[in-house]
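Peer 1: got a predicted model here, sequence first, then my questions.
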Amino acid sequence: MFIIIAGVNVLNSDSIRDIAGIAGYAGSVEVLDEITRKIDLLSDDERKRAGVNDADIMKMIDAFLNEGFEISFHK
């Protein structure tokens, strides 16, 4: 599963990696274009092995939404 983050601009682009770091995904942010980023959330097993729990992912998503980003989920 991965998420697409839209609404990135020059004023908020630096906060993408900071917010992704909440759940340990700071290094997983991929630039799709100037206003869109992608984060691969990995499979359940891969997240478990990496020590990433669902609560951390929910905190990260909540932080993205609070900052005004648009998020869509994809398989």
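Peer 2: That came in fine, so what should we check first?

Peer 1: against which helices or strands is the helix or strand bottoming out on mean pLDDT in the chain packed?
Peer 2: None of the helices or strands of the chain scores lower by mean pLDDT, DSSP states H and E than helix 44-50, at a mean of 89. Contacting helix 44-50 under the criterion 3 or more Cβ pairs under 8 Å, 6 or more residues apart in numbering; DSSP states H and E is no other helix or strand. For the C-beta atoms, the positions are set from N, CA and C on the backbone; glycine is no exception.

Peer 1: in that helix, what's buried?
Peer 2: Under the neighbour-count criterion of 16 or more other Cβ atoms under 10 Å, helix 44-50 has Arg47 buried.

Peer 1: name the next helix or strand following that helix along the chain.
Peer 2: Proceeding N to C from helix 44-50, the next assigned helix or strand is helix 54-66, under DSSP states H and E.

Peer 1: contacts for that following helix next, please.
Peer 2: For helix 54-66, contacts defined as Cβ atoms under 8 Å, 6 or more residues apart in numbering pick out 3, 5, 19-20, 22-25, 41, 47, 71.

Peer 1: for stretch 16-25, same thing?
Peer 2: Contacts to stretch 16-25, defined as Cβ under 8 Å, 6+ apart, come from residues 5, 8, 26, 28-29, 37, 39, 41, 50-52, 56-57, 59-60, 63-64, 67, 69.
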